[in-house]
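Asker: I'll drop the sequence and a predicted model, then ask my questions.
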Amino acid sequence: MTDTHVDAVAAEIAIEQQHLDRVHAELAKAGKRADLVAVDGMSRGRTDRTGDVRDEEMSGLFERDALVFNAARRMATLEHQYEGLVFGRLDLDHAPEGADQSDREVRYIGRLGVRDDDYEPLVIDWRAPAASPFYRATPGDNQGVIRRRVLRSRGERVIGVEDDLMVPEAPDDMVVVGDGALLAALTRSRGQQMRDIVATIQAHQDEAIRANDRGITEISGGPGTGKTVVALHRAAYLLYANRRRYESGGILVIGPSAAYTAYIERVLPSLGEESVTLRSLGDVVDVITAVRHESPEVAAIKGSLQMRTVLKRLAARAVPGAPTSMRVMVGGLPVHLDEGQLADIRRRALRDRTRNQATKHVRELLAESAWRQVREGDRDEFLDAFDESLAVDDFVAEWWPQVDPREALLWLADTELAYEVCRSVLSQGDAAALAHAARETLELGSWTVSDVALVDELSVRVGQVEAPEVEERSFYEIEELDGVEELQAMGSAIRAPEVDHSLTPTSARERLLHGTVGRSTDYAHVLVDEAQDLSPMQWRMIGRRGRRASWTVVGDVAQASWPDIAEAEQARDEAYGTQPRQAFHMTTNYRNAQEIFDYAREVILPVVPDADIPDAVRQTGVRPEDVTFGDPLDDSRPDVSTVAAQALTRLADEVDGSIAVITPQRHAEAMLALDGSHDGRVVVIDPLSTKGLEWDATLVVDPDAIVREAPGGARVLYVVLTRAAHRMTVLRPLD
Ligand SMILES: Nc1ncnc2c1ncn2[C@@H]1O[C@H](COP(=O)(O)OP(=O)(O)OP(=O)(O)O)[C@@H](O)[C@H]1O
């Protein structure tokens, strides 16, 4: 950089600093003006009949954001935690083409809208229509924009500017500096959590973000095309554009794993939005937090639509160990109902009620049958006596207890019972595998991710447990994961589930059954990421939460690990209902350096010839390193941990930020020692858990074993090979 250029940049930074100072001064005043907060901004965020936000109503939203009650508090959070409260500037010329005079306007774009005392906008919220040219203008269609500038700031200090010129030549009085904001952003190191892209959203991404909120919006595209980050910005946009609907109705964001939710959790708060519910697939049902995965074969059985019938039968069958006949004395008369009569009563009781809501009805049906058998004396007197009988109470408590849906799922641990409920739906082998898995659950005291959808389905069938309130957080509750550090401290999913020998069978069961499964919440918008991996049963679970919702659904079929795509699509279509659909397709890979993506493409194309292959926009000039080692004929061959440690050191020297060692189970133990190394920058993780995540560098251990072990085979390897932004090393042991 020449001295003149340095001076020019410094001068531009100084200009922007002046504006930022004004904004902060205004915000400080706004903080003190808490009495002005009664401005009814909320009511203005309405849409017209087309679902689009009306401009004049948007201007009402500026006031709201500047003055609402917690603006000052939100600003404090934004200032301390996130860069760039004001991150953009537009220089527009409204003069018609060919006019002598220019008609200039400057607009600043930020995370929140702010006005000064004269009601002039100092900053426009990025979601407002007036901010749209910041994202949509291109040299081909400049929308009146001459220069688009991205400001980088730290706290209250501007530290850099990057310009894009939208006209062939800059006016004489306008300075243009920097090499473009997008590449600067992509080149920076990634850190451990996803960042928002509010300063560099591209035009085609902006279309998906601001698309109308009717029905289903599907966003597809290959790895690293920004699908996740676009979907999250869309959630923030929807809250802004129709706050009344989405804040009160709620937005649910579903991702594949706890690692994923920990990874994305700061994006929405950085955009000023806290009111979104983030859940992983193991965490959708309250009171269960599942992170364990069973073998792909068992997961495939549990996720398939056949489970509907199995669970239906489970919900309707007698409680294991329940009495098979009823023998009581009522009003001095013997009552005996045999197995057949009880089965008939069960069927009738369940005809139009869920099991747990049928208890009263069951008593009535029992009483009627008992009376039909006895027919002695006065009917009403008999029925009263039946109703008051303690012996009847005892029988009903044993024969028709309230059933916790989780308890019903555990009944499958009995192989004979599993055969019975799986008959003609699943093979005996599959039924035995379900039974074995249930016994493992009981032994470990922890649910698996695919169990959660089964519990949800069962809870609809058996109904709410009408039990006295159980304290919300019991001793046995697994704490929610709180951020990445905790997830790492817990050990990534790579660790084989350990049997906790301090757990007696009772405490393992209590741990599995703590709390009460409540009714599921209905949301106004449901956002599903990595949708290609949802099993049919998981689609049903999510569908129950979005019956009246609009949806944003994000996925890439080439990265799928669910084996039966057609069956999952059937369940997905049922969840969508008949709502209209619109689709957006992303084609540019913003994550991987081109050299890394080329490597991954070679892996996927032979297996999935029609994979959705995006174009990578950035080159580093460094190809991934391929290390083959461990020739069995060489006596002094190094072992995998030594080779991995050396490769890791090379990567750590080359990148500043985060590094993942991605290993199949086979080498997991050898790799675990690397977890947390290099100043905590390294995480050791299994292939499936890398979905949706990214690191500055990755060390991929034994790709052939990854393909062999993973349910999706080469598709999972494709996911693994597209996680690195800047550097990748692949270790291939010869054996
Ligand atoms: N306009 C943009 N400006 C800056 N960074 C961007 C932009 N779009 C995407 N990115 C970055 O590209 C990376 C990939 O984005 P994201 O994770 O959303 O992709 P994805 O399509 O969901 O990937 P995958 O399907 O592989 O999980 C992220 O680091 C994201 O911040």
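Answerer: Noted; the coordinates are in hand.
Asker: what packs against the helix or strand containing Glu443?
Answerer: Secondary structure from DSSP states H and E places Glu443 in helix 428-444. If you count contacts as 3 or more Cβ pairs under 8 Å, 6 or more residues apart in numbering; DSSP states H and E, helix 428-444 packs onto helix 296-303, helix 405-410, helix 415-422, helix 505-513. No exception for glycine: its C-beta is placed from N, CA and C like everyone else's.
Asker: Return the second one as PDB; C-alpha atoms alone will do.
Answerer: Coordinates of the C-alpha atoms in helix 405-410 are reproduced here as PDB (Å, rounded to 0.1, in the frame of the first residue of the first chain):
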ATOM      1  CA  PRO A 405     -44.800 -42.200  26.700                       C
ATOM      2  CA  ARG A 406     -41.200 -42.800  27.500                       C
ATOM      3  CA  GLU A 407     -42.100 -45.700  29.700                       C
ATOM      4  CA  ALA A 408     -44.100 -47.200  26.900                       C
ATOM      5  CA  LEU A 409     -41.100 -47.000  24.600                       C
ATOM      6  CA  LEU A 410     -39.000 -48.800  27.200                       C
END
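Asker: Contacts for that helix next, please.
Answerer: If you take Cβ atoms under 8 Å, 6 or more residues apart in numbering as the criterion, helix 405-410 is touched by 288, 314-315, 438, 441-442, 447, 451, 454-456, 458-459, 461-462, 509, 512-513, 517.
Asker: mind redoing it with 10 Å?
Answerer: Helix 405-410 has contacts (Cβ atoms under 10 Å, 6 or more residues apart in numbering) with 285, 287-288, 302, 311, 314-315, 317, 319-320, 355-356, 401, 404, 434, 438-439, 441-442, 447, 451-452, 454-465, 509, 512-515, 517.
Asker: Quick one, which of these are buried?
Answerer: Those of the contacts of helix 405-410 that meet the buried threshold are 285, 287-288, 302, 311, 314-315, 317, 355-356, 404, 434, 438, 441-442, 447, 451-452, 454-465, 509, 512-515, 517, by 16 or more other Cβ atoms under 10 Å.
Asker: can you tell me the residue of the stretch 301-450 of the chain closest to the ligand?
Answerer: With Cβ to the nearest ligand atom as the measure, Val449 is the residue of the stretch 301-450 of the chain nearest to the ligand, at 18.1 Å.
Asker: and that residue, how many neighbours?
Answerer: Neighbour count of Val449, defined by other Cβ atoms under 10 Å: 26.
Asker: Which residues are in contact with it?
Answerer: Counting by Cβ under 10 Å, 6+ apart, Val449 has contacts 256-258, 280-284, 288, 290-294, 299, 302-303, 493, 535, 538.
Asker: Swap in 7 Å and give it another go.
Answerer: Applying Cβ atoms under 7 Å, 6 or more residues apart in numbering to Val449 gives the contacts 281-282, 290, 292-293.
Asker: do the same with Val627
Answerer: Going by Cβ under 7 Å, 6+ apart, Val627 touches 643, 647, 729-732.
Asker: Now do the helix or strand encompassing Val603: which elements does it pack against?
Answerer: If you go by DSSP H and E, Val603 is part of helix 594-604. With contacts defined as 3 or more Cβ pairs under 7 Å, 6 or more residues apart in numbering; DSSP states H and E, the secondary structure elements packing on helix 594-604 are strand 615-618, helix 714-721.
Asker: what's in contact with the shortest one?
Answerer: What that stands for is strand 615-618. Contacts for strand 615-618 (Cβ under 7 Å, 6+ apart): 183, 186-187, 587-590, 592-594, 597.
Asker: Arg544 in helix, strand or coil?
Answerer: Under DSSP: H, G, I helix; E, B strand; the rest coil, the three-state class of Arg544 is helix.
Asker: and the gap between the residue lying closest to it once chain neighbours are set aside and Val557?
Answerer: Closest residue to Arg544 apart from its sequence neighbours, by Cβ to Cβ, 6 or more residues apart in numbering: Ser520 at 5.3 Å. Using Cβ to Cβ, to the nearest Å, we find Ser520 at a distance of 28 Å from Val557.
Asker: With Gln341 instead?
Answerer: 53 Å.
Asker: partners of Val123 in the sheet?
Answerer: Val114 (DSSP bridges).
Asker: domain assignment for this protein?
Answerer: 3-179, 207-285+520-586, 307-462, 589-733 (automatic domain parsing).
Asker: Tell me where the stretch 601-735 of the chain has helices.
Answerer: For the stretch 601-735 of the chain, helices defined by DSSP state H, counting those that start in this stretch occupy the ranges 640-654, 668-672, 677-680, 703-709, 714-721.
Asker: looking at those helices, which is buried most?
Answerer: helix 714-721 (a mean of 26; mean count of other Cβ atoms under 10 Å).
Asker: does the ligand sit close to that helix?
Answerer: No - Helix 714-721 lies out of reach of the ligand by Cβ under 6 Å from any ligand atom, never closer than 7.0 Å.
Asker: what mean pLDDT does that helix have?
Answerer: The pLDDT scores in helix 714-721 average 92.
Asker: which bits of this protein sit near the ligand?
Answerer: Checking the chain against the ligand by Cβ under 6 Å from any ligand atom, the hits are 182, 185-186, 195, 197, 200-202, 205, 221, 223-229, 556, 590-591, 692, 694, 722.
Asker: dump the residue contacts of Leu688.
Answerer: Contacts of Leu688 (Cβ under 7 Å, 6+ apart): 293, 561, 710, 716.
Asker: One more: Asp631?
Answerer: Contacts of Asp631 (Cβ under 7 Å, 6+ apart): 637, 734.
Asker: want to throw the helices and strands packed on helix 428-444 into CSV with mean pLDDT?
Answerer: As requested, the helices and strands packed on helix 428-444 are arranged in CSV below (pLDDT from 0 to 100):
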stretch, mean pLDDT
helix 296-303, 93
helix 405-410, 97
helix 415-422, 97
helix 505-513, 84
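Asker: and of those, who's closest to Thr663?
Answerer: Nearest to Thr663 among those is helix 296-303; the distance by Cβ to Cβ comes to 17.0 Å.
Asker: Just the buried positions in the closest one, please.
Answerer: So for helix 296-303, counting by 16+ other Cβ under 10 Å, buried means 296, 298-303.
Asker: CA atoms only: put that helix into CSV for me.
Answerer: In CSV, the C-alpha atoms belonging to helix 296-303 read as follows (Å, rounded to 0.1, in the frame of the first residue of the first chain):
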residue,chain,number,x,y,z
PRO,A,296,-27.1,-46.6,11.6
GLU,A,297,-29.0,-49.8,11.2
VAL,A,298,-31.1,-49.3,14.3
ALA,A,299,-31.5,-45.6,13.6
ALA,A,300,-32.9,-46.5,10.2
ILE,A,301,-35.5,-48.8,11.8
LYS,A,302,-36.5,-46.2,14.4
GLY,A,303,-36.8,-43.5,11.8
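Asker: tilt between it and helix 428-444?
Answerer: Between the axes of helix 296-303 and helix 428-444, defined by axes from the mean of the first three to the mean of the last three Cα atoms, to 10 degrees, the angle is 100 degrees.
Asker: what does helix 296-303 rub up against?
Answerer: 293, 426, 430, 433-434, 437, 450-451, 454, 535-538, 562-563, 711.
Asker: of all those residues, which two lie farthest apart?
Answerer: Taking Cβ to Cβ, no two of those sit farther apart than His293 and Leu426, at 20.0 Å.
Asker: follow-up on the earlier one: give me the phi and psi for the residue of the stretch 301-450 of the chain closest to the ligand.
Answerer: Backbone torsions of Val449, given as degrees, to the nearest 10, read phi -60, psi -40.
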